[in-house]
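# 3D, please:
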Amino acid sequence: MSAALLRRGLELLESPGRRKAPQGLQGGRDGPRAAGAARRRKAAPGPGKNKATIKGRVVKSAIEEYHKKKAVNHLRANLRYMTSRRCTADKAITQQVLTQNRGRKSKDQPPEKKEKKKPEGTVFTEEDFRKFEREYFG
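Reported below is the predicted structural model:
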């Protein structure tokens, strides 16, 4: 929580007649005339004036401010939206988007797929081998 929110919360809990001036402002007076003029300039708040308002705006409690600014986890709703099969794109379109977003560096390129070598079959059949065997060995 920030210091300003904490201060506001303490001000709400504090009774209205027991406010003290901050320590930095207490000792800086230039004689009785200046103090009197400052008192005259600053109108004394009447019993009906609300100190918690700034030009008609009411300061909210620190707890409400905290809950309003607290981060919300949208993971569950996002997963539900992504997994629902409402709108599916074509494979060609998704591949095109992926290639457009891919960088030009070598680390961004997918590994090249090596073509699998097909096992080379023999040109000769079993009958050719038998025929050769008979001719060669007798």
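# C-alpha from now on. contacts and neighbour counts both.
OK.
# now the strands for this protein?
53-54, 57-58 (DSSP state E).
# Give the other helices and strands that the last one contacts.
With contacts taken as 3 or more Cα pairs under 8 Å, 6 or more residues apart in numbering; DSSP states H and E, strand 57-58 sits against no other helix or strand.
# For it, which strands pair with it and how are they oriented?
strand 53-54 (antiparallel) (DSSP bridges).
# average pLDDT for the partner strand?
Here strand 53-54 scores 63 as its mean pLDDT.
# Next one: Asn73 from Met82, what distance?
16 Å (Cα to Cα, to the nearest Å).
# out of the two, which sits in the more crowded spot?
Set side by side, Asn73 and Met82 show more neighbours around Met82, with 11 against 8, by other Cα atoms under 10 Å.
# That one and Asp108, how far apart?
25 Å.
# do Tyr66 as well
42 Å.
# Which one of these two is surrounded by more residues?
Tyr66 (13 against 10).
# residues touching Ala62, list them.
Leu5, Leu6, Arg8, Gly9 (Cα atoms under 8 Å, 6 or more residues apart in numbering).
# ah, wrong one, I meant Gly9
Counted by Cα under 8 Å, 6+ apart, Gly9 has contacts Ser61, Ala62, Ile63.
# before we move on, back to that, quick check, nearest of the contacts of Ala62 to Lys117?
Each of the contacts of Ala62 was scored against Lys117 by Cα to Cα, and Leu5 proved nearest at 70.2 Å.
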